[in-house]
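# Here's a sequence, model it:
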Amino acid sequence: MVWCAARSLYLPAIEVRAVCTRAPVAAGIGCASVVGTSLWRSSSASFRSKPFACLGIATVPTIAGIKEAVQTEKAPAALGPYSQAIKTNNLVFVSGVLGLVPQTGKFISDSVEDQTEQVLKNMGEILKASGASYSSVVKTTIMLADLKDFNKVNEIYAKYFPSPAPARSTYQVAALPLDARIEIECIAAL
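This next block holds a predicted model:
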């Protein structure tokens, strides 16, 4: 009965390759099923229709394929129990980055301009370690100790992100770790 109802509907053909490239599936256990018109035929010639086929694919991601930590010594180590970045589902989530010099663990200087430049260099190293780049960043969040630094930060930020620039939010916050002047986090596509 269900098969008869499905045959009466017009369902356009779907190119499986297009679906796979637009909706990549995480590695895991999968199964596929195919059905066709040979399963049901009407005895009346007037009810016969064009051949019909349907393909269904189901996957279950494995635990190991859900997320992967990104770590590089070319950027400052995380200050707490978190990763520099996480890769999952063709995206990279970069944790908030400060203007620390990786070799010393100290700020490059007290100026927001120098810290912004160092933040973006550090972020570039984390992106590179994950297989991404500035041009693949789709969203950034900037946290400033003083929103009056907005224009100074914009001048430096614009040098790193090619057009079209990523979506962005900027906030003034009460305080940042280690009394930083700026912190930036981002999301990039792989």
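# Need the pLDDT of Tyr171.
Reported pLDDT at Tyr171 in the predicted model: 98.
# Kindly export the helix or strand hosting it (C-alpha atoms) in PDB.
Element membership for Tyr171 (DSSP states H and E) is strand 167-172. Taking C-alpha atoms only, strand 167-172 is exported to PDB below (Å, rounded to 0.1, in the frame of the first residue of the first chain):
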ATOM      1  CA  ALA A 167      31.100  37.800   9.500                       C
ATOM      2  CA  ARG A 168      32.100  39.500  12.800                       C
ATOM      3  CA  SER A 169      30.900  40.500  16.200                       C
ATOM      4  CA  THR A 170      32.900  43.000  18.400                       C
ATOM      5  CA  TYR A 171      32.300  43.500  22.100                       C
ATOM      6  CA  GLN A 172      33.800  45.600  24.900                       C
END
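# Tell me which strands that strand pairs with, and in which orientation.
When pairs are called by DSSP bridges, strand 167-172 turns out to pair with strand 137-144 (parallel).
# Pull out the buried positions in the strand it pairs with.
137, 140, 142-144 (16 or more other Cβ atoms under 10 Å). Backbone N, C-alpha and C define where each C-beta goes, glycine included.
# Stretch 85-99 too?
85-87, 91-99.
# Show the end-to-end separation of that stretch, please.
Chord length of stretch 85-99, first to last residue, is 16 Å (Cα to Cα, to the nearest Å).
# Then stretch 159-172?
Across stretch 159-172, first to last residue, Cα to Cα, it's 22 Å.
# Return the closest of the buried residues of stretch 85-99 with respect to Thr72.
Ala85 (8.9 Å; Cβ to Cβ).
# Give me the neighbour count for the residue lying closest to the closest one once chain neighbours are set aside.
Excluding the flanking residues, the one nearest Ala85 by Cβ to Cβ, 6 or more residues apart in numbering is Val70, at 3.8 Å. When neighbours are counted by other Cβ atoms under 10 Å, Val70 registers 21.
# How about the secondary structure of Ala75?
Assigned with DSSP: H, G, I helix; E, B strand; the rest coil, Ala75 falls in the coil class.
# residues in contact with it?
When contacts are counted by Cβ atoms under 8 Å, 6 or more residues apart in numbering, Ala75 touches 84, 97, 102, 122-123, 125-126, 129.
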